[in-house]
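[1] Generate a structure from the sequence data that follows.
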Amino acid sequence: MKIIAMIPARYNSSRFPGKLMQDLGGKSVILRTYQATLSTNLFSEVYVVTDSDVISEEITNHGGKVFMSKKNHESGSDRIAEAAESIDCDIVVNVQGDEPFTEKESLSKLLNEFKNDTDNEIDLASLMIHITDPEEIMNKNCVKVIVDQRNFALYFSRSPIPFSRDKTVDTKHFKHKGVYAFRKQALLDFTKLPMKMLEASEKIECIRYLEFGKKIKMVETTIQGIEIDTPEDLINANKHLKIK
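    The predicted model follows:
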């Protein structure tokens with residue numbers, strides 16, 4: 001089974017423009033993400049997929065591999081699918097470019113799901129984290145997921161799901177952590193499927209897979225990590241580096 005990692009990397013960001021080129025302990029955010037992914041030793045190849053010359057030069061100048069995206073894309077899945085189509089592989093792992101502390105333990109759990117999937121039931125796998133903070137549960141920027149008894153995703157939402165109507169029930173909430181592992185064909189299929197109402201309403205791309213009957217296996221992790229979405233996140237990430 002050939003497994004590759006792809007890191008979609010746009011220069012522009014609505015909340016934090018140019019965030020991937022911001023300095024994080026003497027290196028750019030995107031370079032740290034690339035090197036952290038590489039250092040897991042889980043992948044045959046690691047690519048940064050970008051339409052930015054600045055990001056491309058940053059990675060290639062440090063010996064990394066880049067795929068220059070030729071098209072405009074609405075999602076990270078579309079961007080890496082363009083690259084994956086021409087690469088011989090079985091599993092494609094999408095690592096977010098703004099996760100410089102990408103680690104081996106959670107990624108290994110994802111990949112083990114495919115290694116144990118003898119019936120080829122899983123189209124893609126992703127991570128979830130148990131959350132208890134009421135503010136985080138209510139936060140629309142925190143995507144929640146509910147699963148069945150075998151941890152296959154039932155739905156993703158920005159709303160608090162499940163809704164805790166009966167306070168005597170020990171209700172658990174899980175945050176979706178946006179790291180995906182795809183079977184290559186499932187990723188390529190995504191680009192041919194139209195966006196439907198649920199995905200368009202929630203603005204959560206993985207809902208498209210559910211709407212068209214794909215099966216998403218969720219894997220629980222306790223490792224939160226640090227995503228660089230805002231200038232405040234970058235400050236916290238630099239503090240984290242100094243502690244390490």
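[2] tell me the SS of Phe156?
    Three-state assignment for Phe156 (DSSP: H, G, I helix; E, B strand; the rest coil): strand.
[3] what sits opposite it in the beta ladder?
    Val145 (DSSP bridges).
[4] Correct me if wrong: it contacts Tyr209.
    No. The pair Phe156 and Tyr209 does not pass the contact test of Cβ atoms under 8 Å, sitting 9.7 Å apart. For every residue, glycine as well, the C-beta is placed using N, CA and C.
[5] Where do the helices of the chain begin and end?
    Secondary structure of the chain (DSSP state H): helices at 29-38, 53-60, 76-84, 104-115, 134-138, 184-190, 197-202, 207-211, 231-243.
[6] Backbone dihedrals for the residue of the chain positioned farthest from its centre, please?
    Of all residues in the chain, the one whose C-alpha sits farthest from the chain's mean C-alpha position, using Cα atoms, centre = their mean, is Thr168 at 33.9 Å. Thr168 adopts backbone torsions of phi -80, psi -10, taken as degrees, to the nearest 10.
[7] who's in contact with the residue nearest the centre of the chain?
    Per Cα atoms, centre = their mean, the C-alpha nearest to the average position across the chain is that of Val179, at 2.6 Å. Counting by Cβ atoms under 8 Å, 6 or more residues apart in numbering, Val179 touches Val93, Asn94, Val95, Gln96, Glu99, Thr102, Ser106, Leu107, Leu110, Ser126, Leu127.
[8] gap between it and Ile226?
    Here Val179 is placed at a distance of 13 Å from Ile226 (Cβ to Cβ, to the nearest Å).
[9] again, but for Gln96
    11 Å.
[10] so where's the longest strand in this structure?
    Longest among the strand segments of the chain by residue count, using DSSP state E, is strand 173-183.
[11] Just checking: what are the partner strands of it?
    Partners of strand 173-183 in the sheet, by DSSP bridges, are strand 91-94 (antiparallel), strand 124-131 (antiparallel), strand 144-147 (antiparallel).
[12] Could I get those in TSV, plus columns for mean neighbour count?
    Output for these, formatted as TSV (neighbours: other Cβ atoms under 10 Å):
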stretch	mean neighbour count
strand 91-94	25
strand 124-131	21
strand 144-147	20
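[13] Distance to Ser164 and mean pLDDT for those strands - can I get that in TSV?
    Formatted as TSV, these follow (distance: least, Cβ to Cβ, whole Å; pLDDT from 0 to 100):
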stretch	distance to Ser164	mean pLDDT
strand 91-94	31	96
strand 124-131	13	97
strand 144-147	12	98
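[14] Show me the one of the ones you listed that comes nearest Thr230.
    Go through the strands paired with strand 173-183 one by one with Cβ to Cβ and the one that ends up closest to Thr230 is strand 124-131, at 18.8 Å.
[15] so what's the nearest residue to Thr60 once chain neighbours are set aside bridging to?
    Leaving out its chain neighbours, the residue that sits closest to Thr60 by Cβ to Cβ, 6 or more residues apart in numbering is Val66, at 5.6 Å. Using DSSP bridges, the bridge partners assigned to Val66 are Val48.
[16] and what of Asp23?
    Under DSSP bridges, the beta-bridge partners of Asp23 are Ser28.
[17] Can you get me the start-to-end distance on stretch 119-138?
    Criterion Cα to Cα, to the nearest Å; first-to-last residue distance in stretch 119-138 is 37 Å.
[18] where does this protein have low pLDDT?
    Counting by pLDDT under 70, the low-confidence segments of the chain come to 14, 243-244.
[19] Try it again at 90.
    When residues are selected by pLDDT under 90, those of the chain lie in 10-17, 51, 69-79, 141, 167, 178-179, 190-191, 223-230, 239-244.
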